[in-house]
Structure formats: structure tokens, C-alpha cells
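Kindly generate the corresponding structure for this input.
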Amino acid sequence: MQVVRGLDQLDGFRHGFVSIGNFDGVHRGHQSMIAVLTRSSREQNAPAVIFTFDPHPIALLRPGQSPPPLSTTERKIELLSNFGVDAVVVYPTDQALLGLSPQEFFDRILLGRLEARGLVEGPNFFFGKGRSGNIETLGEFCAAARMSLQIVPPVSVGDQLVSSTEIRRMICDGRVRDAASLLGYPYGISGTVVRGAERGRTIGFPTANLEGVRTVLPRDGVYAGRALAGAKWYPAGINVGPAPTFADQERKLEVHLADFSGDLYGARIAVEFLDRLRDTTRFASVDDLKAQLTRDLDQVRALAR
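As a prediction, the model looks like this:
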């Protein structure tokens, strides 16, 4: 899969099938759409192209009001590479793009630059200035240009409609297992390991303190998960929030990698959340805390097998 930033290196990826969107989280709904995209492209011996934006348009339209994303652009590209896409066009969002009318966006980008053969979108697709173009508008433009348009229906898991908004809500509620069922994989974040108070080391449970996380964090609590250090995944106990036993009210993200030894300071590591174990609790003594952490770690190992 090739990553194209902007519209200047599209040789080999014109005349393909294209899906446009933010693809935040690349969840099961997106995956369903990508499956149609790649199948259509293979049938016509044409490239399958994802057209996405960096940053999210909301960051320019309503600065400071955009919700934290489920995935960084780098993580989005990594996820998309798993589904048979030939190219991801990452368009650097600017006011010029946001000012295009639906017709201008279609004519200049889809026809003029991508020379798309067909489009694959969901029913709630909006485009153009002020989101004034919808799927019906797109259908009219495609028909006039003799371009195919396939509309992929929404995906539900049980009775829950899959959407980035709902997944974000689940994560903020600490329901990481439910979020994984809509994503199709465990929700993960990445951050840089920095020095902390090193209390965990003194009680036999050293933790990697992560900063620089650019995606949504679950609500405060203790979680079972996995952490990638180097090329190996380790069972991980994850604490999001304060350390009340030590009278520390600062919200932190601390990760204990089971069976790991080594120095991670300055490294950027990935962490996956598998399940929420319990609330953050103030213990009467450090010994009580250690006993609970031992029990937590038993659950972590069982879940991370």
C-alpha cells in the first residue's frame, strides 16, 4: 500500500475506485465499505483508493471543539494497510478545500485529479462547503459523469449501530470491551515513556508513565491490556487516573508490563485495552495495594493470553 500526501503523486492510482472519509478508528462500518471498494477494484483491475483528511475538518472549522480522535493518521494508515487498499491519499486539510462547493470538490478532485472510475460511500456521506452535499447530491453528480456509485449500508453489532461517535462514547465510559466489538479489534493508544515518581518500582510493580497520547483515553480506572515493547507484546496492567494511595491526584497513564525487564525511557510504546477491571481506589496501606495489584495481574495474564 502506498501513502500519498496531497494530490501531486497520483501516478498509478488514477482511474480507480475511491472511498472518501475520515475513517476515524477504521471500525467495522469502515471495513465493510472497504471490502466493497477492494472487491470492485479487483473486478475491474483498478486501484482501490482511500481519500482521507489530516487534520480532521472539524479542527479547522471549530478549533478546540473537535473530540479527541480514535486513531492518529499514522495509526489509521497502519489499519487501512490490513484491508487490501492500494493507496491512501492523505489530503492536508486547509481553508481552500473547506471552501469548495460540492460541485467544485467533485469536479476538481474526483474528476480532475483522481479521475475516479467509481465511488464507494456510506449513506450518511456529506461533502463540500458547510457539508452541503449529501449522498443524493453525489448520486446526481456520478450519474452525470457516468461514474458508478455504490452505497454501503450501515453495520450493526447486535442492536448497536457502529459509528466512531458511539465507539468514542464507549471508551470514555470505560467500556473498552464493547468498543472492541464495534472496532473489530482492541482499542489502543501510543505514548512516550517519561520519568515518573518511580513508586511502582519501589513496591515491585514498575510502571511506564506515558505522555504525548493524541487519542481518546478511557475513563479513570484499572484496565487489563497488552503493551508492545520492541517487537514483543506483554500482558499489561494499565492505570488511568490519579494514585490516591499516595495522595497524588494528577491524572496519569501508567502501564505495568508483566515479565518485562529493561529501560523504556524515551521509547514510544503501543498499548491495547482489553477490559476494565475496577475503579481507582485508595488503599489503607501499601501492603493492601500490593495485594490488589497481584490479583489484578492474575486477571491481566488470563485476559491477555
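
The worst-scoring helix or strand of the chain on mean pLDDT: what's the following helix or strand?
Lowest by mean pLDDT, DSSP states H and E among the helices and strands of the chain is helix 199-202, with a mean of 72. Counting by DSSP states H and E, the next helix or strand C-terminal to helix 199-202 is strand 208-211.

State the pLDDT value of the residue nearest the centre of the chain.
The chain has Ser71 as the residue nearest its centroid, 2.5 Å off, counting by Cα atoms, centre = their mean. Looking at Ser71, its pLDDT stands at 96.

how near is the residue lying closest to it once chain neighbours are set aside to Ile151?
Counting by Cβ to Cβ, 6 or more residues apart in numbering, Ser71 lies nearest to Gly25, which is 5.3 Å off, once chain neighbours are set aside. Glycine gets a C-beta too; all of them are placed from N, C-alpha and C. Counting by Cβ to Cβ, to the nearest Å, the separation of Gly25 from Ile151 is 21 Å.

Mind checking which of these two has more residues around it?
Gly25 (28 against 16; other Cβ atoms under 10 Å).

contacting residues around the more buried one?
Residues in contact with Gly25 (Cβ atoms under 8 Å, 6 or more residues apart in numbering) are 69-71, 164, 167, 183.

One more pass at 10 Å, please.
For Gly25, the contacting residues are 69-71, 75-76, 79, 162-164, 167-168, 171, 179, 182-185, 187, 215-216, by Cβ atoms under 10 Å, 6 or more residues apart in numbering.

Can you flag the buried ones in those?
69-71, 75-76, 79, 162-164, 167-168, 171, 179, 182-185, 187, 215-216 (16 or more other Cβ atoms under 10 Å).

and the residues you listed, which of them are in strands?
Counted as lying in strands by DSSP state E, out of the buried ones among the contacts of Gly25, are Tyr187.

counting contacts, what elements does the least confident helix or strand of the chain pack onto?
strand 232-243, strand 248-257, helix 286-303 (3 or more Cβ pairs under 10 Å, 6 or more residues apart in numbering; DSSP states H and E).
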